[in-house]
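Asks: turn this into a structure:
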Amino acid sequence: MKRSSSTGAEKSTIINGVNVTSIANNAIHGGVHTGPTTINQIHRSRPSSRPTEYPVGSIGRNLLQRNYVRYLVERYHRFREADARFGSGTARFSYAVIFKNIEREFKAPTYFSPAARFNELVEYLPRCVDRTILGKRNRARGIRNYASPEEFAAEQTPH
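Replies: Numbering: from 1, shown residues only. Here you go, the predicted model:
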């Protein structure tokens, strides 16, 4: 049996061994084998811990600002998913890309960005939404792609 291991995963390949019928105490038991078999064992590490609170003065600390940024990010994700339906690009879409782009642009993770830069972030995210195929189509037809911060705040406050 050949073994190669990496952090968090162990991969075993059986060559000229037996079909796997049971695995007990790291021993593999079984019957007749007809070809190579690969077994992947995933070792789950402890879950990552999130901070209990965002730092004072960050976007994440202000619930309204955090929710509006989240709203814009979700709009971007939905519009990017629509791009695939329009046949744009065969590359897989990654939800994390927008957060990495924000981190690169603002030099801080999205919700850890200073609240003083909220307006810059609110200008950046709608540009991302507007650059998608669906965003361009909606703008050409006069359809709004997202609500303004004031409209969003009005929807969030109880009447």
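Asks: now do the buried residues in stretch 61-70.
Replies: Neighbour counts using 16 or more other Cβ atoms under 10 Å place 62, 65-66, 68-69 of stretch 61-70 among the buried residues. (Glycine included, C-beta is placed from N, CA and C.)
Asks: which one of these is nearest to residue 94?
Replies: Within the buried residues of stretch 61-70, proximity to residue 94 (Cβ to Cβ) peaks at residue 69, which comes in at 18.5 Å.
Asks: give me the element that closest one is part of.
Replies: For residue 69, the enclosing helix or strand under DSSP states H and E is helix 63-85.
Asks: who's in contact with that helix?
Replies: With Cβ atoms under 8 Å, 6 or more residues apart in numbering as the contact definition, helix 63-85 has outside contacts at 54, 59-60, 89, 93, 95, 98-99, 110-111, 115, 118, 121-122, 125-126, 128-129, 132-135, 145-147, 149, 152-153, 156.
Asks: which of these fall in helices?
Replies: When helices are assigned by DSSP state H, the members of those inside them are 98-99, 118, 121-122, 125-126, 128-129, 133-135, 149, 152-153, 156.
Asks: mind giving me the ChimeraX command for buried ones among the contacts of helix 63-85?
Replies: In ChimeraX, selecting the buried portion of the contacts of helix 63-85, with burial taken from 16+ other Cβ under 10 Å, looks like this:
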select :54,59,60,98,110,111,115,118,121,122,125,126,128,129,132,133,134,135,145,146,149,152
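Asks: and residue 107, how far is that from residue 136?
Replies: Residue 107 sits 29 Å away from residue 136, taking Cβ to Cβ, to the nearest Å as the criterion.
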